[in-house]
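Undergrad: Just a sequence and a predicted model for now, questions to come.
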Amino acid sequence: MAHKILIVDDEPNIVISLEFLLKKEGFEIALAGDGDEALAQVAAFNPDLVLLDVMMPKKSGYEVCEILRADPQHGGLLILMLTAKGRDTEVAKGLAIGADAYMTKPFSTKELIAKVKHLLGVV
Amino acid sequence: MLSGWFVALLSAAYFALLFAVARFGDARADSGRSIISANVYALSLAVYCTSWTFFGSVGRATTGGLSFLTTYLGPTLMLLAAGVIIKMIRISKTYRITSIADFIASRYGKSQLLAGLVTVIAVIGIVPYIALQLKAIAASLDTLFAGSGHAELFWGLDSAFLIVIVLALFTILFGTRHLDATERHEGMVAAIAVESVVKLVAFVAVGLFVTYGIFGGFSDLFAKAAASPELAKLLRPDPARAGAWTALLLLSGLAIILLPRQFQIIVVENVDESHYRRAVWLFPLYLLLINLFVLPLAIGGLLGFNGQAVNPDTFVLTLPLAHGANALALLAFIGGLSAATGMIIVETIALSTMVCNDLAMPWLLRSKWFQADRRQDLSGLLIGIRRAAIALILFLGYIYFRAAGEAYALVGIGLISQAAVAQFAPALFGGMYWKQGTRAGAVAGLCAGFTVWLYTLLLPSFAKSGWIGLEFVEQGLFGWSWLHPQALFGLSGLDEISHCLWWSLLANTAAYLAVSLLTKPDAVAASQAERFVDISRHSHANANSQQARLWRGKASSTALVELLERFLGAARANQQLAAHAQARGLADWRELPADAAFVHFAEAELAGAIGSASARVMVASVAEEDNLGLEEVLDILDEATQVRAYSRELEAKQQELEAATAELRSANDRLRELDKMKDDFISTVTHELRTPLTSIRALSEMLHEDPDIEAADRTRFLNIIVNEAERLTRLINQILDMAKLDSGRAEWETRELDLGELAREAMDSLCQLFREKNVMLDSTVPEHGPLVLADRDRLMQVIINLLSNAVKFVAGGAGRVSVTVSAADGLARVAVADNGPGLTAEECSVVFEKFRQGGNTMTDKPQGTGLGLPISRQIVEYFGGNLSVESQPGKGACFFFTVPLLAPEEQSEK
């Protein structure tokens, strides 16, 4: 069975590219455009991994991550944070609040796929 | 009828009490536990209230009404000038001043002449005043015995003489315990404070008795007074006497400082500067209380003895007596006695110090007998002289009292005395604040003032007493009417006191100023002037070191020690020498070098005993002194001034440095804040740049790696890439633009332009965009104008930005945007209104911040950079205008900006 990935980003063009990229790799994909939508989709779609943008309207990626990590129902959920803010403090903050991995935009598509597969244990 | 013996016993008991208090005060002072507190000091100031106040003010109120109040208001006002008086106290303590004569003489170069002159004026002015006190005591005894003659004879002596003897004894015992006149007489001061309490209690008791015992309280008394036209006059301030009021205020204000007894109590006997601060309010309160019942007593007496020939000056006694209150009358008598004796004691101590140091000493020091034997111990002699002076002054007072009797010259002496000592004012106050005042000026001023006083006040009072011919008073000297002593140079219409005060102080001050300006001080006087005027800068240690620098010469320790032993007595001299040696870190005073500091110490010690002028002469006689010229002294003083100036400069520099540090710190904080803002800005810019770059990179990598992507996807992706690249370009351009505006490096081409025309042009350039999205664009723009001064391209950029924002947010098809250009109140206004979704109040407030974009859903991602509005606002503000928005959610938004209209004159110039 294909792994399910939720893409959360407020930038439509990035969503388009990520969706295309991951679908091609055979993942099952769902989309969300802000923090609130992301939480709703996690509940509805029950993904294995979330690609989470940090700078979003309504709820930021950090807030979403904290809420998800506080919920024991989603204990096994993997979170890969994506951010255009590349400062060390932000990376550290993301990891501190429970993200499994962190990537800075713009990313290399190969690296992204590799990281996603690595996290999901798909080789 | 009161028994003479009983009164005698009572008086004796009262004196015994005073002796006991004084003894106790001295014993405590000797054991180092001073009883002089701020309250005792303040009370002792009330030695100002003599029997002339105690009995006389009631008498004055019966004729002068409220004018007796001046003797209360003047001192109160003077004491409020605390800075002046504290400076006086500080100078006196620093330079061991013994009397007011010493103060003035010391300031003007330790002049024996000046000290003698002040002493003579004081003695002439004050001795009759002492006589007046004796007369008051005698008169009160007479009243007590209703003129039965008891007062005249006790054991064949008259009572006043007995009292003189007791007072002489008291004053000698408690006033000349130490030779050092700067040593305080704490026992005497304590006794004076007790006397102050006694006279207050006595006076208030009589006041209460008359007001509430004889009459039905204040309102009854004043109602009865108001009913009589004669008495009602007393209750109203008389405008015709305003001049006299002013003169009396001035006179009593000066007297509180300048009367020798007041100077003695306020300055010489002051233990602690801080006591003065208590006196500033406590003493006026005392005066208020003792004056409270003056008017009731005056009215009560006038009403009670209606028509009877009773001397108003005796109302304090006669009113209780007339109503059978003998005990109260006795209390009033003791009160009057305390008022009189307090004044006599302190005045005599002060005068005897002056007479001894400033009249007897100079004469003694010049005498052959003194020159002949240089070894003799003079301390005993000095005390002897001072004691003799006390006896002499009291005896003179007694003689004057006997001789003058009821004469006018005695009755009016209170104010006449005060007018005499008022002559010290210019030299004293001038000396404290004006360095240019010279000895010659002070002598000239004192002589002029004293002469005028003599001629306009004292001699006429003698004439009115029938001692000298009255002709000169009536016709003027030599029959010249302009020399009329009470209307000098035709100045008539003033009462004699005001007249004398005006002319004498005018002559005094004018002579002091004029002669001071015309003469140069000698070396000693110049340095003393500096020390007195700048006392606050000469702290004790400081003063000593500077004084030492101002002395140069050769002295022998032996000679100086001999001198001290001679005048202070061996025991006292050794004690002081040991203290001085210890202060200089030496175990034995015999090791003291005969240097300037030692000479200065010796002179200061001598000054405390024999006055600064005599001390100077004595020290000069045993030391070979190099005379420092005036120039040299001024140089040294100048140097000190320069050192002070340097230190002041340093202080200023330090303050400047501190200020600079604070400025730097705040600048640093500002920079740090700016740095943080820049950091945030860069972080935001980075984010904004990375976002389009992310799509471009991801999509192009995918296209690059997978040649088999369907054609439709490929086209879509390439389209996105192109759009995102355009967005990136726009973003970079605007960031550069913003940076230029922020740093002020933007170039502006400001000229006159037609805003209406500009708006039409902007709309034309965007009409294609509107047509594509099917949005209606209408406008209300005048044909010509409004004219403004601005950069055409920049303002065009603003309008286009507003229009493209509007078209971006309105719905296609139903969208409608309208442009309005108008002018009002000196401002041109351009508004761009749309019927889009509108903005919340919160959005309205942040929409002009950098990188804030309206619209936030995935479906409606705006293609803006978040920099358009901030840039537009900066442009508009550069031209002195304003860019803002009015909007409500769902009701569209209206962005508008204003720019100042071109002023009409500028238009015509163009």
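TA: In hand now; what should we look at?

Undergrad: Any idea how many residues pack against whichever residue of the stretch 351-500 of chain B sits closest to chain A?
TA: Going by CB to the nearest CB, chain A is nearest to B:Y433 of the stretch 351-500 of chain B, at 68.6 Å. (Each C-beta comes from the backbone N, C-alpha and C, glycine too.) B:Y433: 11 surrounding residues under other CB atoms under 10 Å in any protein chain shown.

Undergrad: so what's it closest to, chain neighbours aside?
TA: B:V533 (6.2 Å; CB to CB, 6 or more residues apart in numbering or on different chains).

Undergrad: Give me the local confidence score for the one you found.
TA: In the predicted model, B:V533 carries a pLDDT score of 79.

Undergrad: Please tell me how far A:K4 sits from chain B.
TA: 20 Å (CB to the nearest CB, to the nearest Å).

Undergrad: how close does that residue sit to A:V122?
TA: 13 Å (CB to CB, to the nearest Å).

Undergrad: Looking at these two, which one has more neighbours?
TA: When neighbours are counted by other CB under 10 Å, A:K4 comes out ahead of the other of A:K4 and A:V122, with 16 against 13.

Undergrad: I figured that one was touching A:A44, is that so?
TA: No: the pair A:K4 / A:A44 is not scored as a contact, 11.0 Å apart, by CB atoms under 8 Å.

Undergrad: Near chain B, which residues of chain A are found?
TA: Residues of chain A lying near chain B by CB under 8 Å from any CB of the partner chain: A:10-18, A:20-21, A:24, A:33-34, A:55, A:57, A:84-87, A:104-110.

Undergrad: So for B:K861, what's the pLDDT?
TA: Looking at B:K861, the pLDDT reads 40.

Undergrad: per-residue confidence for the residue of the stretch 1-150 of chain B found nearest chain A?
TA: At 62.8 Å from chain A, B:G83 is the closest residue in the stretch 1-150 of chain B, using CB to the nearest CB. For B:G83, the model assigns a pLDDT of 85.

Undergrad: which other residues reach the strand or helix carrying B:A419?
TA: For B:A419, the element it lies in under DSSP states H and E is helix B:413-421. Contact with helix B:413-421 is made by B:50, B:52, B:56, B:121-122, B:124-126, B:128-129, B:131-132, B:248, B:251-252, B:254-255, B:258-260, B:450, B:453, B:457-458, B:461, B:497, B:500-501, B:504, as judged by CB atoms under 8 Å, 6 or more residues apart in numbering or on different chains.

Undergrad: filter those to the buried ones?
TA: B:50, B:52, B:56, B:121-122, B:125-126, B:128-129, B:131-132, B:248, B:251-252, B:254-255, B:258-260, B:450, B:453, B:457-458, B:461, B:497, B:500-501, B:504 (16 or more other CB atoms under 10 Å in any protein chain shown).

Undergrad: Excluding chain neighbours, what is closest to residue 15?
TA: Picking chain A for this. Nearest non-adjacent residue to A:V15 (CB to CB, 6+ apart): A:D9, at 5.1 Å.

Undergrad: switch to chain B, that's the one I care about
TA: Nearest one to B:F15, counting by CB to CB, 6+ apart, is B:V166 at 5.5 Å.

Undergrad: repeat for B:L77
TA: B:L77's closest residue in space is B:G253 (CB to CB, 6+ apart), at 5.5 Å.

Undergrad: continuing past the helix or strand harbouring the one you found, what's the next helix or strand?
TA: Assigned by DSSP H and E, B:G253 belongs to helix B:242-258. The first helix or strand that comes after helix B:242-258 along the chain, using DSSP H and E, is helix B:260-263.

Undergrad: right, and the helix or strand after that next one?
TA: By DSSP H and E, the next helix or strand past helix B:260-263 is helix B:273-292.

Undergrad: Give me the contacts around that following helix.
TA: With CB under 8 Å, 6+ apart, helix B:273-292 has contacts from B:36-39, B:41-43, B:45-46, B:48-49, B:53, B:57, B:68-69, B:72, B:75-76, B:79-80, B:82, B:85-86, B:89-90, B:196, B:199-200, B:203-204, B:207, B:266, B:270.

Undergrad: Among those residues, name the buried ones.
TA: Using 16+ other CB under 10 Å, the buried ones in the contacts of helix B:273-292 are B:36, B:38, B:41-43, B:45-46, B:48-49, B:53, B:57, B:68-69, B:72, B:75-76, B:79, B:85-86, B:89-90, B:196, B:199-200, B:203, B:207, B:266, B:270.

Undergrad: From the residues you listed, which land in helices?
TA: B:38, B:41-43, B:53, B:57, B:72, B:75-76, B:79, B:85-86, B:89-90, B:196, B:199-200, B:203, B:207 (DSSP state H).

Undergrad: Buried residues, stretch B:275-290. List them.
TA: B:275-276, B:278-280, B:282-284, B:286-287, B:290.

Undergrad: Quick one: the strands in chain A, in order.
TA: A:4-8, A:28-32, A:49-53, A:78-83, A:101-104 (DSSP state E).

Undergrad: Would you pull up how far the longest helix seen in chain B lies from the middle of the chain?
TA: Taking DSSP H as the criterion, chain B has its longest helix at helix B:630-705. Centroid separation for helix B:630-705 versus its chain: 41 Å, with CA atoms, centre = their mean, to the nearest Å.

Undergrad: what angle sits between the helix or strand following it and helix B:630-705?
TA: Downstream of helix B:630-705, the first helix or strand assigned by DSSP H and E is helix B:711-743. Angle of helix B:711-743 versus helix B:630-705, following axes from the mean of the first three to the mean of the last three CA atoms, to 10 degrees, is 170 degrees.

Undergrad: Alright, that wraps it up for me.
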